[in-house]
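Visitor: can you look at this prediction? I've put the sequence above it.
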Amino acid sequence: MDINNKDYGMGRPRGGPGAPRYGIKTVIVVAVLSILAGVIITARFDLTNISGAQTFWKEPGAGAAAKVYGPPDFVELAKNLEPTVVNISTTQIIKEKPMFPFPQFNGPFDDFFGGNLNKFFGQEMPRELKRQSLGSGFIINRDGYILTNYHVIANATEIMVTLPHNRKDYKARVVGSDRKLDIALIKIKAGDNLPVAVLGNSDNVQIGEWVLAIGNPFGLGGTVTKGIISQKGRIIGAGPYDNFLQTDASINPGNSGGPLFDMKGNVVGINTAIVAGGQGIGFAIPINMVKDVLVQLKEKGKVTRGWIGVSIQELTPDLAKSFGLKSTNGALVSSVSPGDPAALAGMKPGDIITSFDSKPVTDMNDLPRIVAVTPPGKTVPVTIIRDGKEMTLSVKVGAKTGGETAEVETAPRKEAVDTRLGISVMPLSPAIARELGATNAEGVVVSDVREDSAAWLAGIRKGDIIREIDSRKIKSMKDYSAAIKASARANAIRLLIEREGQDIYVAIGLNG
């Protein structure tokens with residue numbers, strides 16, 4: 001067959017006079033020329049700039065299957081988990097004085113009314129009132145052990161638990177509680193076949209992960225709400241061991257003490273706090289922090305935490321620079337209690353703790369939590385930075401004990417003014433030391449701070465006690481004057497001050 005004699009439908013009969021013959025080569029040439037012409041026209045008139053657009057934003061690749069991120073099916077989860085969550089109601093007896101007390105007076109009718117007219121009218125007889133509150137909890141053991149918040153059962157004279165599966169009420173007793181972590185373990189007698197919530201691993205929870213909250217908001221028992229983990233490690237000022245999970249699952253008054261579940265049905269947190277007036281902002285205690293002390297609550301009724309005897313503060317960029325460091329990782333030791341574990345191990349003020357018991361300390365909030373769960377009596381390695389060098393100390397962890405303040409003799413009053421820093425200082429007398437709650441009366445106290453001065457901008461306050469200047473001990477006005485003179489040409493100086501019984505480092509930037 002002669003392919004050159006094929007009719008390609010160009011409008012003339014095949015083989016007629018003057019009929020054109022188009023071969024394959026001709027067709028290919030015409031197609032290529034057409035493509036080139038299109039590219040030239042497009043480029044000339046700038047109809048589209050695909051290559052430029054692709055560098056400006058990202059689009060899915062050709063043929064890529066889009067992954068759909070949707071909520072899971074909560075029906076089965078709610079059905080299986082709701083029986084493990086209980087309602088808690090408490091009763092408190094509070095004493096209230098009369099709203100309109102009578103003024104104190106003595107008169108001729110005192111004897112007639114039993115010796116005191118005020119007593120007759122009830123001024124010295126406060127009324128006892130019952131106050132009830134509601135909360136939530138969840139069963140963790142078939143014997144009737146229930147976890148909840150400390151603030152749900154605090155000061156309660158009676159605790160009643162309502163089980164969801166039979167709607168029966170049971171009187172509960174407190175087995176143990178921990179105010180600092182805001183948790184409590186209570187127990188009821190309701191047989192030995194209770195549904196139990198499984199405690200998960202809060203360390204593995206991811207931001208954006210779906211969670212489910214079940215509780216008793218506003219007395220509406222068995223309420224189920226959903227959301228995600230909004231953030232981890234939140235510090236909200238609720239206590240010394242703040243490390244909350246933030247969630248947008250609806251949490252309201254009455255949810256306190258209830259569980260926060262992951263999508264496997266495991267408890268990852270205890271719903272504890274909300275932001276007043278906030279929407280979609282709730283906080284839960286990570287369940288791993290609770291598991292660390294749960295056995296102590298059951299066996300001892302209280303929590304004994306590790307203690308090393310230091311005060312710490314945040315290592316700010318200015319403070320890090322003053323120590324010759326480029327990183328702000330770690331907890332800055334501002335004071336060491338004599339005779340406590342840290343002091344016995346050789347730790348000093350100015351040391352920066354970067355690791356405790358092989359656990360990293362990235363900021364000051366990490367250290368209290370790590371030390372707290374370390375068993376007293378255990379000797380652990382502690383990595384510190386001192387004078388720019390890393391070293392390791394061995395610290396035998398103890399249990400926290402109280403301290404005492406020492407009485408000292410008086411000192412004469414005189415005052416020195418430093419215009420460069422913008423402060424006035426005076427010797428620390430015993431009277432001032434007692435008033436300020438100082439640990440001792442050696443040193444100088446800030447008597448005035450000029451507004452907008454370098455010290456004022458750094459946060460120095462009237463009443464701060466200066467203990468060190470650039471690592472120089474300040475025990476007298478003479479020490480203070482010598483230290484200030486030595487730093488005359490410095491662009492920044494570092495003060496160790498005592499404020500309200502706590503030692504704090506402050507870096508003051510200067511203009512030379």
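Guide: Everything's here; your move.
Visitor: C-alpha only now, for contacts and for neighbours.
Guide: Will do.
Visitor: can you report how many residues lie near residue 300?
Guide: 13 (other CA atoms under 10 Å).
Visitor: and what of residue 339?
Guide: There are 11 residues near residue 339, going by other CA under 10 Å.
Visitor: same check, this time on residue 392
Guide: When neighbours are defined as other CA under 10 Å, residue 392 has 14 of them.
Visitor: do residue 178 as well
Guide: Neighbours around residue 178, by other CA under 10 Å: 20.
Visitor: these two touch, right, it and residue 303?
Guide: Yes. The criterion here is CA atoms under 8 Å, and residue 178 meets it with residue 303 at 6.4 Å.
Visitor: ok, the closest residue to residue 341 other than its chain neighbours - contacts?
Guide: With sequence-adjacent residues excluded and distances taken as CA to CA, 6 or more residues apart in numbering, residue 341 is closest to residue 308, at 4.8 Å. Listed by CA atoms under 8 Å, 6 or more residues apart in numbering, the contact partners of residue 308 are 340-342, 371, 395-400.
Visitor: repeat for residue 235
Guide: Residues counted as contacts of residue 235 (CA under 8 Å, 6+ apart) are 242-244.
Visitor: go on, residue 171?
Guide: 158-161, 188-189.
Visitor: which ones among those map onto strands?
Guide: Among the contacts of residue 171, the residues falling in strands (DSSP state E) are 158-161.
Visitor: find the nearest non-adjacent residue to residue 160, please.
Guide: Of all residues not flanking residue 160 in the chain, residue 171 sits nearest, at 4.7 Å (CA to CA, 6+ apart).
Visitor: so that neighbour: helix, strand or coil?
Guide: strand (DSSP: H, G, I helix; E, B strand; the rest coil).
Visitor: could you pull out the strands for the stretch 301-450 of the chain?
Guide: 306-307, 310-314, 331-336, 352-356, 359-360, 379-386, 389-396, 398-399, 416-418, 423-427, 444-449 (DSSP state E, counting those that start in this stretch).
Visitor: what's the least confident stretch among these?
Guide: Of all those, mean pLDDT reaches its minimum on strand 416-418 (a mean of 73).
Visitor: okay, buried residues for it please.
Guide: Buried positions in strand 416-418, judged by neighbour count with 16 or more other CA atoms under 10 Å: residue 416.
Visitor: check stretch 255-275 too.
Guide: For stretch 255-275, the neighbour count (16+ other CA under 10 Å) marks 255-262, 265-274 as buried.
Visitor: from the contacts of residue 308, which single one is nearest residue 334?
Guide: Among the contacts of residue 308, residue 342 lies closest to residue 334 (CA to CA), at 12.3 Å.
Visitor: distance of the closest residue in space to the closest one that isn't next to it in sequence from residue 169?
Guide: Spatially, and ignoring its direct neighbours in sequence, residue 342 is nearest to residue 308 (5.1 Å; CA to CA, 6+ apart). Residue 308 sits 45 Å away from residue 169, going by CA to CA, to the nearest Å.
Visitor: with residue 384 instead?
Guide: For residue 384 relative to residue 169 (CA to CA), the value is 54 Å.
Visitor: looking at these two now, which is surrounded by more residues?
Guide: residue 384 (24 against 16).
Visitor: I'd say that one and residue 350 touch.
Guide: No. Using CA under 8 Å, residue 384 is not in contact with residue 350, being 9.8 Å away.
Visitor: next, the buried residues of the helix or strand hosting residue 228.
Guide: Under the criterion of DSSP states H and E, residue 228 resides in strand 223-234. Buried residues in strand 223-234, defined by neighbour count with 16+ other CA under 10 Å: 223-232.
Visitor: residue 174 is in contact with residue 185, correct?
Guide: Yes. Between residue 185 and residue 174 there is a contact under CA under 8 Å: 6.2 Å.
Visitor: which of the two has more neighbours?
Guide: Neighbours of residue 185 and residue 174, each counted by other CA under 10 Å, are more numerous for residue 185; the result is 25 against 20.
Visitor: off-centre distance for the helix or strand hosting the more buried one?
Guide: For residue 185, the host element (DSSP H and E) is strand 183-187. Averaging C-alpha positions (CA atoms, centre = their mean, to the nearest Å) puts strand 183-187 23 Å from its chain's average.
Visitor: can you give me the angle that strand makes with strand 158-162?
Guide: 80 degrees (axes from the mean of the first three to the mean of the last three CA atoms, to 10 degrees).
Visitor: thought residue 354 was touching residue 364?
Guide: No. Residue 354 is not in contact with residue 364 according to CA under 8 Å; the separation is 9.4 Å.
Visitor: low-confidence ranges in the stretch 151-300 of the chain?
Guide: For the stretch 151-300 of the chain, the stretches with pLDDT under 70 are 276.
Visitor: need the contact list for residue 189.
Guide: 143-144, 170-172.
Visitor: residue boundaries of the helices in the stretch 151-300 of the chain?
Guide: Under the criterion DSSP state H, counting those that start in this stretch, the stretch 151-300 of the chain contains helices at 287-300.
Visitor: tell me the domain boundaries of the chain?
Guide: 3-36, 74-303, 306-399, 416-509 (automatic domain parsing).
Visitor: could you dump those to TSV with distance to residue 56?
Guide: As requested, the domains of the chain are exported to TSV (distance: least, CA to CA, whole Å):
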stretch	distance to residue 56
domain 3-36	27
domain 74-303	27
domain 306-399	35
domain 416-509	43
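Visitor: any chance of the strands of the stretch 301-450 of the chain in a markdown table, plus distance to residue 281?
Guide: Formatted as a markdown table, these follow (distance: least, CA to CA, whole Å):
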| stretch | distance to residue 281 |
| --- | --- |
| strand 306-307 | 32 |
| strand 310-314 | 26 |
| strand 331-336 | 29 |
| strand 352-356 | 32 |
| strand 359-360 | 29 |
| strand 379-386 | 36 |
| strand 389-396 | 39 |
| strand 398-399 | 35 |
| strand 416-418 | 47 |
| strand 423-427 | 43 |
| strand 444-449 | 40 |
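Visitor: for the residue nearest the centre of the chain, give its distance to residue 243.
Guide: Centrality entry for the chain: nearest residue to the mean C-alpha point is residue 235, 2.3 Å, by CA atoms, centre = their mean. Distance of residue 235 to residue 243, given as CA to CA: 6 Å.
Visitor: what of residue 92?
Guide: Here the distance between residue 92 and residue 243 works out to 30 Å (CA to CA).
Visitor: what's the answer for residue 74, then?
Guide: 27 Å.
Visitor: settle it for me: which of those two has more neighbours?
Guide: residue 243 (23 against 14).
Visitor: who's in contact with the closest residue to that one other than its chain neighbours?
Guide: Of all residues not flanking residue 243 in the chain, residue 233 sits nearest, at 4.4 Å (CA to CA, 6+ apart). Shown in contact with residue 233 (CA under 8 Å, 6+ apart): 242-245.
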